[in-house]
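Enquirer: after the sequence you'll find the predicted model.
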Amino acid sequence: MIDVFAQNKNYVLANYSDKNLPKDCIGHPFIESLPIFKQPSEIIQALNNSVVIGQSEKLDSREVRLNSLRKLKEHFIALPRDGMLWGVLQREITSVYLGRYKADPNHYRKLLNCQTPICVGPDGYKPSFMVLKGASGAGKTTSINRVLSQIPQVIRHTNYNGYPFQTNQIPWIKIDCPHNGTHKPILIDIISQIHSLLGQDSKKPKMSRINAETLLSYVTAMFATQGVALLVIDNTENLVSVSEGKRMQLLNFLFNLYEKTGVFVVFIGTPEIESVIASELRAHRRSIEQDVPRWTSLSDRDWQRFIESLWSVQLTQNQTSLTDDLNELMREFSLGLPGIARPLFTKVQDEAIRMGHSGSGEIITPSLLSRVANEHLNGIYESLGVSFESGSLGPINKRATNKNTQTETGKSQKKDALVLDRSFLRELLKLAKDEVSIIEGLEDLGLRIPNHLVQA
């Protein structure tokens with residue numbers, strides 16, 4: 001067996017515990033080895049990653065403090081939806097192990113020696129999947145990465161209840177959806193990751209000449225022998241940009257992959273992906289969408305928890321208090337999305353520190369916040385269909401000009417872009433709930449803004 005201890009830092013030695021486990025999970029080494037069975041308060045504590053800035057750090061040189069702003073990327077405050085995501089993954093990973101493996105170490109040895117079928121769980125076991133969708137910047141990838149960071153990617157087993165049990169367990173694999181709509185890169189990525197995790201890069205087969213069907217069989221066997229239970233496929237919105245033929249071919253492959261391997265699959269993407277894979281979702285009918293929170297603009301309570309925590313991470317020499325005006329501007333400019341708020345706050349501090357060097361004082365003001373947002377968020381707003389009007393204090397939608405858009409039938413048609421003024425956007429934010437996205441709501445409902453709310 002390859003010595004993962006010597007060649008890989010992502011492993012842990014299996015530590016078995018039946019604490020908080022249901023009775024039917026006791027005796028399963030692949031389940032007892034997972035550190036995911038926690039009480040709700042323990043889950044939130046495990047997910048939190050609060051960055052604390054000491055007073056001495058504020059006295060560092062300008063160059064040192066500018067470099068230290070990278071710490072804001074690491075700052076994470078768990079919200080209720082993150083706890084819900086943890087719960088879903090915990091339940092589904094457990095279901096995979098209960099459905100595919102017996103509670104008997106001897107079975108695993110037979111499996112590794114190819115003396116037993118790969119799928120040996122209860123009759124009728126079927127894998128399931130979920131779609132984690134939300135606007136860009138809503139924090140989907142950040143949240144799932146944070147949850148996955150609490151699950152070791154390689155667990156080494158040596159002995160279980162007195163039985164020699166020499167095997168490796170890889171609970172999860174995470175990949176990106178390819179841009180070109182072809183499925184072979186997915187298989188190559190999975191195989192490469194597993195060989196890398198096990199320190200077997202030198203034994204990795206030359207896959208460019210191997211056909212996809214053979215690679216799929218190889219992946220199926222590797223998932224079974226290495227105890228893979230979860231496959232995360234990020235950036236599935238890439239499917240939107242490929243031709244319909246390639247899209248359907250890739251979707252059929254992905255669902256075939258998850259059915260053959262028997263793992264739980266998480267598809268992550270923007271709201272557009274829902275319509276793209278709607279027919280496949282209806283055909284398979286094993287999605288657990290009803291259990292998954294939507295990653296949208298934060299509710300009032302969640303936003304306040306998020307912004308108060310983020311705002312405390314200041315490297316400016318002068319600590320700026322979070323006033324109502326600054327809070328309101330941050331929420332408006334970010335559309336209540338953590339993935340926009342975090343880089344915005346980082347850039348604002350960067351500007352404040354640089355301005356302080358020229359004698360302006362390292363203070364975060366509403367005018368500075370507005371200027372930075374207008375100058376540096378255009379790219380992000382473009383991707384969301386929102387842009388700034390020169391000199392405005394708040395974000396507005398693109399000016400009301402006709403824009404060519406492609407219909408589902410491929411025909412070009414004219415579509416009026418909406419223009420939102422600051423007061424209307426503020427009202428939208430007040431109405432936003434966890435399950436309703438501002439952006440999704442406007443798009444899905446085809447909402448036409450009344451004339452008295454449209455900025456001239």
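Expert: Looks like it arrived, so ask away.
Enquirer: need phi/psi at residue 136.
Expert: Main-chain torsions, residue 136, degrees, to the nearest 10: phi -60, psi 130.
Enquirer: wait, it touches residue 270, no?
Expert: Yes. Residue 136 lies in contact with residue 270 (Cβ atoms under 8 Å); the separation is 5.8 Å. To be clear about C-beta, it is placed using only N, CA and C from the backbone, and glycine gets the same treatment.
Enquirer: and these two? Which one has more around it.
Expert: Shown here are residue 136 and residue 270; by other Cβ atoms under 10 Å, residue 270 has more neighbours (22 against 17).
Enquirer: distance check, the more buried one against residue 15.
Expert: In this view, residue 270 and residue 15 are 38 Å apart by Cβ to Cβ, to the nearest Å.
Enquirer: contacting residues around residue 249?
Expert: Shown in contact with residue 249 (Cβ atoms under 8 Å, 6 or more residues apart in numbering): 181, 183.
Enquirer: can we see that at 10 Å?
Expert: 181, 182, 183, 242, 243 (Cβ atoms under 10 Å, 6 or more residues apart in numbering).
Enquirer: host element of it?
Expert: Using DSSP states H and E, residue 249 sits within helix 244-261.
Enquirer: whatever helix or strand comes next after that helix versus helix 244-261: what angle between them?
Expert: Later in the chain than helix 244-261, the nearest helix or strand by DSSP H and E is strand 264-269. Put simply, strand 264-269 runs at 150 degrees to helix 244-261, going by axes from the mean of the first three to the mean of the last three Cα atoms, to 10 degrees.
Enquirer: show me what strand 264-269 is packed against.
Expert: helix 80-100, strand 129-133, helix 140-148, strand 172-176, strand 230-234, helix 244-261, helix 272-276 (3 or more Cβ pairs under 10 Å, 6 or more residues apart in numbering; DSSP states H and E).
Enquirer: strands paired with it, and their directions?
Expert: The strands beside strand 264-269 in its sheet (DSSP bridges) come out as strand 129-133 (parallel), strand 230-234 (parallel).
Enquirer: could you export those as JSON lines, including distance to residue 265 and mean neighbour count?
Expert: Output for the strands paired with strand 264-269, formatted as JSON lines (distance: least, Cβ to Cβ, whole Å; neighbours: other Cβ atoms under 10 Å):
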{"stretch": "strand 129-133", "distance to residue 265": "4", "mean neighbour count": "22"}
{"stretch": "strand 230-234", "distance to residue 265": "5", "mean neighbour count": "21"}
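Enquirer: for those strands, which has the smallest mean pLDDT value?
Expert: Comparing mean pLDDT across those, the weakest is strand 129-133, with a mean of 86.
Enquirer: run the angle between that one and helix 80-100 for me.
Expert: Using the same axes, to 10 degrees: strand 129-133 against helix 80-100 is 160 degrees.
Enquirer: and the angle for strand 129-133 with helix 140-148?
Expert: 130 degrees.
Enquirer: nearest to residue 93, of the contacts of residue 249?
Expert: residue 183 (24.2 Å; Cβ to Cβ).
Enquirer: isn't the closest one up against residue 211?
Expert: No. Counting by Cβ atoms under 10 Å, residue 183 sits too far from residue 211 to count as a contact (11.5 Å).
Enquirer: more neighbours, these two?
Expert: Higher neighbour count among residue 183 and residue 211: residue 183, with 21 against 9, using other Cβ under 10 Å.
Enquirer: residue 328 is in contact with residue 334, correct?
Expert: No. Using Cβ under 10 Å, residue 334 is not in contact with residue 328, being 11.1 Å away.
Enquirer: please say which of the two ends up with more neighbours.
Expert: residue 334 (27 against 15).
Enquirer: buried residues of stretch 347-360, list them for me.
Expert: Within stretch 347-360, the residues that count as buried by 16 or more other Cβ atoms under 10 Å are 347, 348, 349, 350, 351, 352, 353, 355, 356.
Enquirer: export only the CA atoms of it, formatted as PDB.
Expert: C-alpha atoms of stretch 347-360 as PDB (Å, rounded to 0.1, in the frame of the first residue of the first chain):
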ATOM      1  CA  LYS A 347     -10.800  47.500  -1.400                       C
ATOM      2  CA  VAL A 348     -12.300  50.200   0.800                       C
ATOM      3  CA  GLN A 349      -9.800  49.600   3.500                       C
ATOM      4  CA  ASP A 350      -7.000  49.400   0.900                       C
ATOM      5  CA  GLU A 351      -8.000  52.900  -0.400                       C
ATOM      6  CA  ALA A 352      -8.300  54.300   3.200                       C
ATOM      7  CA  ILE A 353      -4.900  53.100   4.100                       C
ATOM      8  CA  ARG A 354      -3.300  54.600   1.000                       C
ATOM      9  CA  MET A 355      -5.200  57.800   1.500                       C
ATOM     10  CA  GLY A 356      -4.000  58.000   5.100                       C
ATOM     11  CA  HIS A 357      -0.400  57.900   3.900                       C
ATOM     12  CA  SER A 358      -1.100  61.100   2.000                       C
ATOM     13  CA  GLY A 359      -2.400  62.800   5.100                       C
ATOM     14  CA  SER A 360      -6.200  62.200   4.500                       C
END
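Enquirer: quick one: mean pLDDT for that stretch?
Expert: The model assigns stretch 347-360 a mean pLDDT of 84.
Enquirer: where does pLDDT dip in the stretch 1-150 of the chain?
Expert: Under the criterion pLDDT under 70, the flagged ranges of the stretch 1-150 of the chain are 1-10, 102-125.
Enquirer: residue 76 bridge partners, please.
Expert: Beta-bridge partners, per DSSP bridges, of residue 76: residue 49.
Enquirer: so it is in contact with residue 48, correct?
Expert: Yes. At 6.7 Å, residue 76 and residue 48 qualify as touching, with contact defined as Cβ under 10 Å.
Enquirer: of those two, which one has the most company?
Expert: Set side by side, residue 76 and residue 48 show more neighbours around residue 76, with 23 against 14, by other Cβ under 10 Å.
Enquirer: return the distance of that one relative to residue 159.
Expert: Counting by Cβ to Cβ, the separation of residue 76 from residue 159 is 36 Å.
Enquirer: which residue is the nearest non-sequential neighbour of the residue sitting nearest the centre point of the chain?
Expert: By Cα atoms, centre = their mean, the mean C-alpha position of the chain lies nearest to residue 141, the distance being 1.7 Å. Excluding the flanking residues, the one nearest residue 141 by Cβ to Cβ, 6 or more residues apart in numbering is residue 234, at 5.8 Å.
Enquirer: do I have it right that that neighbour meets residue 144?
Expert: Yes. Counting by Cβ under 10 Å, residue 144 is a contact partner of residue 234 at 8.0 Å.
Enquirer: quick check: neighbours shared by the two?
Expert: The contact sets of residue 234 and residue 144 overlap at 132, 174, 266, 268 (Cβ under 10 Å, 6+ apart).
Enquirer: residue contacts, the first one?
Expert: Residues near residue 132 by Cβ under 10 Å, 6+ apart: 85, 88, 138, 140-141, 143-144, 232, 234, 236, 266-269, 273, 289, 292-295.
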